[in-house]
Every structure is written in structure tokens, then in C-alpha cells.
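Enquirer: All I have is the shape, not the residue letters:
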């Protein structure tokens, strides 16, 4: 199944973080926080301004982004968990 977000929506897949601390202690699943970084999987065509003109999004497929802890809506597509959020929920793009 393919999924195409509408308007200024973005589909993000969370990036898994390490399960060990720097000191080597393994953190159990129940104590781990959900990561606030992800990879952009798909983007919508953009939002519309007051004149009805299409405004393209600043993020693109493949970008690694940072988003708020409670941002987006969690969905499961073909057994994989994704977040669907507005572009305004994304705080920034992480450069490599």
C-alpha cells in the first residue's frame, strides 16, 4: 500500500535510539522514551496561502528531522509504525 499525505502533512518514521547508556547500562523497553528524531518518508504538496496559492514544504523525503515529544498522530501501515504530522510540528532538519 502507498500512502500520500495531503496539504502540509508529513509522514515520519521514528529513528531508533541506542538501548545502552554511554556507561554500558542497558535500558529496558519500559523505561525508554520514544525518540524525537525521525526520517521523512513522504510529504504532501504543500499548504495554501490566503490567496489560494500553493506553498511548497521546506522538508523533503529522506530528511532527518527533530520534532516535539507529543507531535503527530501514530498510525500503522503494512505493519510499520509512522507518525503523520503537520510541517509546523517539525522543529528542524538535522544535517549530517
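Expert: In hand now; what should we look at? The structure presented is a predicted model; accordingly, all values stated were derived computationally and were not measured. Numbers count the residues shown, from 1 in each chain.
Enquirer: Assign a three-state SS to residue 88, would you?
Expert: helix (DSSP: H, G, I helix; E, B strand; the rest coil).
Enquirer: ok now do it, which residues does it touch?
Expert: Neighbouring residues of residue 88 by Cβ atoms under 8 Å, 6 or more residues apart in numbering: residue 8. For glycine as for every other residue, the C-beta is placed from the backbone atoms N, C-alpha and C.
Enquirer: next one: residue 83
Expert: Counting by Cβ under 8 Å, 6+ apart, residue 83 touches 11, 12, 13, 14, 38, 67, 71, 72, 73, 74, 75.
Enquirer: Local confidence estimate at the nearest residue to it once chain neighbours are set aside?
Expert: The shortest distance from residue 83 to any non-neighbouring residue, by Cβ to Cβ, 6 or more residues apart in numbering, is to residue 72 (3.7 Å). For residue 72, the pLDDT comes out at 88.
Enquirer: repeat for the one 3 residues further on
Expert: Per-residue pLDDT puts residue 75 at 91.
Enquirer: What is the least confident helix or strand in the chain?
Expert: Lowest on mean pLDDT, DSSP states H and E among the helices and strands of the chain sits strand 47-48, with a mean of 86.
Enquirer: From the contact counts, what lies against the helix or strand that comes right after that strand?
Expert: Using DSSP states H and E, the helix or strand that follows strand 47-48 in sequence is strand 54-55. Packing contacts for strand 54-55, counted by 3 or more Cβ pairs under 8 Å, 6 or more residues apart in numbering; DSSP states H and E, involve strand 47-48.
Enquirer: Tell me which residues are up against the strand it packs on.
Expert: Taking Cβ under 8 Å, 6+ apart as the rule, strand 47-48 contacts 7, 8, 54, 55, 57, 87.
Enquirer: Spit out the contact partners of the residue nearest the centre of the chain.
Expert: Nearest to the geometric centre of the chain sits residue 12, at 2.9 Å (Cα atoms, centre = their mean). Contact analysis of residue 12 by Cβ under 8 Å, 6+ apart lists 38, 39, 40, 41, 65, 67, 72, 82, 83, 84, 85, 90.
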